[in-house]
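Visitor: Sequence and computational prediction follow.
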Amino acid sequence: MAATIDFTGKAKEAMKPLGLEPATLDPQLARIEVSGGTIDLELFKADKIEKVVFCTIRIHEAGVLESTALAWPDDDHNLPILWCNLTIVPEVMNVPIFDFLPMMDIVVWPEYAQRYIAGISDLRDTALEILGDTVVDKATNLPSLSVYTLSPYRLVANITGEGIAKIPSIEDAYISAYISLVQKAASLDDGQEKQFFLRKKAATRKLMKANDPGYAFMVNVFGEETTHKIFEAIF
């Protein structure tokens, strides 16, 4: 690997303006260490945000490193879900994922797309410029039904090892843009829009939890019970 970065540490620092406060987490899940790998997990909450997740998973034998920063909106604000992820499999792939997962149908509610989603088109284009010739494939397929949750402007790429060092500036730009949306978000009135949002958030959580491509690898290293508990905490 040409570079290593503290992906979740950078994300946590960038999210400080949200006023993060620790959220409830079983202390036994904060740090899991077995012969085959480690998991480091932190949960926070903030105004308008139900849960912020910082998770780093290492699988020793395969050399896999997966780092995730997720922000889930609370039930009164239909903000998108912030999903920042970096998966590194040495000699195979380095895949960053950056997106704002829409919590409304952006065809039925086009104003939602304009308010929360359209702006990440520019973020994606800028990110690809920053990555430059380190991009191996700028339209990498995500081998999971979780792709159903993504926005039209998702960034899912495969980059060289040299591109990893450029990820922190991209991470900072996405998080800064998301914080701006959070700060301007107004609470939802009870009605059709809120009902749809709550249904979409629950369905997104269920789909992502059931279709994470790393599940089988984690079960093999950490066991089914621990993996299930980690997924419950993340999603």
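Guide: Everything's here; your move.
Visitor: Could you pull up the residues touching the closest residue to Phe98 other than its chain neighbours?
Guide: Excluding its sequence neighbours, the residue lying closest to Phe98 (Cβ to Cβ, 6 or more residues apart in numbering) is Leu155, at 4.4 Å. Using the backbone N, CA and C atoms, a C-beta is placed for each residue, glycine as well. Residues in contact with Leu155 (Cβ atoms under 8 Å, 6 or more residues apart in numbering) are 96-99, 123-124, 127-128, 170.
Visitor: swap the cut-off to 7 Å and go again
Guide: By Cβ atoms under 7 Å, 6 or more residues apart in numbering, the contact list for Leu155 reads 96-99, 124, 127.
Visitor: CSV for those residues, including distance to Gly19, neighbour count and secondary structure?
Guide: Below are the contacts of Leu155 laid out as CSV (distance: Cβ to Cβ, whole Å; neighbours: other Cβ atoms under 10 Å; DSSP: H, G, I helix; E, B strand; the rest coil):
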residue, distance to Gly19, neighbour count, secondary structure
Pro96, 27, 25, strand
Ile97, 26, 18, strand
Phe98, 23, 25, strand
Asp99, 24, 24, strand
Arg124, 28, 21, helix
Ala127, 26, 23, helix
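Visitor: how close does the residue nearest to Phe98 get to Asn211?
Guide: Note on Leu155: its distance to Asn211, by Cβ to Cβ, to the nearest Å, is 19 Å.
Visitor: do Gly37 as well
Guide: Gly37 is 21 Å from Asn211, by Cβ to Cβ.
Visitor: before we move on, what about Ala233?
Guide: 17 Å.
Visitor: Neighbour count for these two, which is higher?
Guide: Neighbours per residue (other Cβ atoms under 10 Å) separate Ala233 from Asn211, with Ala233 holding more: 19 against 16.
Visitor: Can I get the host helix or strand of that one in CSV, CA atoms only?
Guide: Element membership for Ala233 (DSSP states H and E) is helix 224-234. The C-alpha coordinates for helix 224-234 follow below in CSV (Å, rounded to 0.1, in the frame of the first residue of the first chain):
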residue,chain,number,x,y,z
GLU,A,224,-22.0,-14.7,13.7
GLU,A,225,-23.1,-13.3,17.1
THR,A,226,-20.4,-10.5,17.2
THR,A,227,-21.0,-9.6,13.5
HIS,A,228,-24.7,-9.4,14.1
LYS,A,229,-24.2,-7.1,17.1
ILE,A,230,-21.8,-4.8,15.1
PHE,A,231,-24.2,-4.6,12.2
GLU,A,232,-27.0,-3.7,14.6
ALA,A,233,-24.9,-0.9,16.0
ILE,A,234,-23.8,0.5,12.6
